[in-house]
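Participant: A predicted structure for the sequence below; I have some questions about it.
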Amino acid sequence: MANPANDFIKDYQALAQQSWEAWTRQLQQQQPGGASPFFTPQAAPIGGNDTLERTLAGLKGYFDWMQGVAAAGGQEPAGDWRQQLQQCFGGASQPFAQAFGGIDSAGAEGFIRQWQSWLQGAQHGSFGELPGVNGAMPAFGLNREQQMQQQAMAAAVLESLQATARYQALIQRANAQGMERLQDKLALHAEPGRQIDSLKALYDLWVDAAEEAYAEIALSDEFREVYGEMVNSQMRVRQRQQEQAEQICRQLGVPTRAEVSSLGERLQSLRRELRAGQAPAPQDLAGELATLRQELAELRQRLAVGKEPAAAAAKRTAARPAAAKPAARAAASPAGKPAAKAVAKAARKPAARKAAAPSPSRGKPLSRASSRKRK
Amino acid sequence: MYTPLRIEPTKALLDIAAFQRKLAAGIGHLRNMREPEYANTPRELVYSEDKLKVWHFTGHDKTPSKTPLLIVYALVNTVWMTDLQPDRSMVRNLLAQGEDVYLIDWGYPDFADRWLTLDDYINGYLDRCVDVVRRRHGLEAINLLGICQGGAFSLCYTALHPDKVANLITMVTPVDFHTPGNMLSHWCRNMDVDLFVDAMGNVPAGLMNYVYLTLKPVRLNQQKYIGMVDILDSPAELEDFLRMERWIFDSPDQAGEAFRQFIKDFYQGNKLVKGTLTIGGRLVDLGRVTQPVLNIFAEQDHLVPPDASRALGEHVGTDDYTQLAFKGGHIGIYVSGRAQREVPPAIHQWLRARA
């Protein structure tokens, strides 16, 4: 016997779905080139960009989920809440999977889509038709190299699909653990006044649970290994694709990416050599020279002041040039370096003065600041 | 014992209807919305080279400080986060405080930039930008403000060219890349970066954005847009939302060679804190950073965990180190209301005490 309440919910869902689709169509028609009479070319519409696609993908997932929850609630109004929860977040209306599904873009094109387009381009009907997909075979004759390349490509794609499947399994595990966490969180709401009574509140609680579970898995050693292998295997496929594309380009006399890249590397190397070989501008040298002269003068002055008795002694023995020589040598020797260092340090005194200035950490706006002074 | 779920079917249907009503009502606003502008604080171009530009902000309310401040942003995303909109602009607030502000816009690398290395960026581009600002002001040294990866660049630069930097400020800057909870670092540890860059050339912005979204997939890819439905009837809020979307996704590709080095040496090798990093054949010794350092980080940063930034204090050679913990996230530190009130005044006060 038909349940009038369930029928009503189904009717309403159908109506809501139609309404959603109409809304989506209307919004998408705003894209440039769309036939919508509402499109106003003078205003740069936000429709037609990534924002719209992402927004719609995210909202559609949420919308489907809300419908699913409403249906689940309608069918089992007095059922076990854990079972009800499974219905809300299981099956086709998994918002977690939709959150992942909606973030593909041209720049980060889903890998499966990538190699599918390659298959089409390479005129292979399906993955199973690729030579060597069922194991490497020795190749012979004129097309030996191409056959070997195809086999390597098939092996790389297979390896990558396996790595991607391992990654997807971890995402599914995150989803399942998110559900467990949600149950734990919900258990804390089993009191009058704390119960979840809106779809939005349930959704927000689920987001917290799902993100926590995902973060825990994403920071695991297993995820790190699987993620690395997924990326690496995808890159190996990409390299194989490029090899094949370049081979075709070479046959057609079209410049390849590798050739352009090689030219770019040489050009950049030349630019570096050119810059390294460029002498500083004369005015820079003049300024530097003036600074050095000034520092030298200061050094002499300091040495003269600090070594007055020695200077007097030197004066007294000026009549004996042979004895003066070692002193002169000493002044010119690397032993003079510490003196120079000391002066340089003194020249940096402003830094010390700055350090003594009031620290902002003592000021009010930096109440949570911490400051360290060494020495 | 009560059930925690008390969602009446009728109430659920009303929720769905309300959601749809809000969407329908918001269509008009979305349709008439133009691409939101950034703050576009008045500025003049003072230097350009290849794709980079150095801008000098001219909208001073006060006599600017004697030592200018050069903002060094990351290569990922664009520097306009610092000048997002008039009421959320770190640049404007720094100007209002009396700072003389310059910034480097790295531009959008293409395949011609594929072979740019960290040496080219740090000892090349950045050094020449610093020289330009120094010459304009006739100064030996200027102040640097490095943001995120730009903060890591600024640290390297200061260690390699200490005489050209008077004071160094780092914001949300990763220093120790191997602290627990650093998801990005964790994910790329098993990546074969040589293979990756050889296969990709430059790294597409879309791919970078994809990775960032997967750090918090449900929150960033779905919940955020569901929240947007609630502001569809508020043109001002919607404009702010879309401006942020523009900034997040209008991002540059990464020059392949620099990316390779950054991932290998910083994320995988953690060489900056190990003291084994070399750039352009020279060792980057953070002990040579003896200038005053202000390190600002965000307590809820999911991209650069606070511990990754905090580590700086243990490695720089300065005896004048200050750190400031901001209550917010990686983006909120530039655009939140709290950030406008707290961060630029803190920077200015710190610099003024060392002027």
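Facilitator: Looks like it arrived, so ask away.

Participant: going along the chain, name the strands of the stretch 151-300 of chain B.
Facilitator: Using DSSP state E, counting those that start in this stretch, the strands of the stretch 151-300 of chain B run over B:165-171, B:278-279, B:282-283, B:293-298.

Participant: for the helix ranked longest in chain A, name the packing helices and strands.
Facilitator: Ranked by residue count under DSSP state H, the longest helix found in chain A is helix A:144-187. Other helices and strands packing on helix A:144-187, by 3 or more Cβ pairs under 8 Å, 6 or more residues apart in numbering or on different chains; DSSP states H and E, are helix A:81-89, helix A:95-101, helix A:111-121, helix A:199-218, helix A:221-252. C-beta: built from backbone N, CA, C; applies to glycine.

Participant: can you get me the start-to-end distance on stretch B:329-345?
Facilitator: 19 Å (Cα to Cα, to the nearest Å).

Participant: got the buried residues for that stretch?
Facilitator: B:329-336, B:339-340, B:342-345 (16 or more other Cβ atoms under 10 Å in any protein chain shown).

Participant: columns secondary structure and distance to chain A on top of those, output as JSON lines?
Facilitator: Shown next, in JSON lines, are the buried residues of stretch B:329-345 (DSSP: H, G, I helix; E, B strand; the rest coil; distance: Cβ to the nearest Cβ, whole Å):
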{"residue": "B:G329", "secondary structure": "coil", "distance to chain A": "14"}
{"residue": "B:H330", "secondary structure": "coil", "distance to chain A": "16"}
{"residue": "B:I331", "secondary structure": "coil", "distance to chain A": "17"}
{"residue": "B:G332", "secondary structure": "helix", "distance to chain A": "15"}
{"residue": "B:I333", "secondary structure": "helix", "distance to chain A": "13"}
{"residue": "B:Y334", "secondary structure": "helix", "distance to chain A": "17"}
{"residue": "B:V335", "secondary structure": "helix", "distance to chain A": "18"}
{"residue": "B:S336", "secondary structure": "coil", "distance to chain A": "15"}
{"residue": "B:A339", "secondary structure": "helix", "distance to chain A": "12"}
{"residue": "B:Q340", "secondary structure": "helix", "distance to chain A": "12"}
{"residue": "B:E342", "secondary structure": "helix", "distance to chain A": "6"}
{"residue": "B:V343", "secondary structure": "helix", "distance to chain A": "9"}
{"residue": "B:P344", "secondary structure": "helix", "distance to chain A": "10"}
{"residue": "B:P345", "secondary structure": "helix", "distance to chain A": "5"}
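
Participant: quick check: B:I231 touching B:F241?
Facilitator: Yes. Because the distance of 6.3 Å satisfies Cβ atoms under 8 Å, B:I231 is recorded as touching B:F241.

Participant: the two: which is more packed in?
Facilitator: Neighbours per residue, other Cβ atoms under 10 Å in any protein chain shown: of B:I231 and B:F241, the larger number sits with B:F241, 20 against 17.

Participant: quick check, pLDDT for the more buried one.
Facilitator: The model reports B:F241 with a pLDDT of 93.

Participant: and for B:L5?
Facilitator: 81.

Participant: pLDDT weak spots in the chain?
Facilitator: Here I'm looking at chain A. A:1-58, A:72-79, A:90-136, A:279-284, A:307-375 (pLDDT under 70).

Participant: meant chain B, my bad for not saying
Facilitator: Ranges of chain B meeting pLDDT under 70: B:1.
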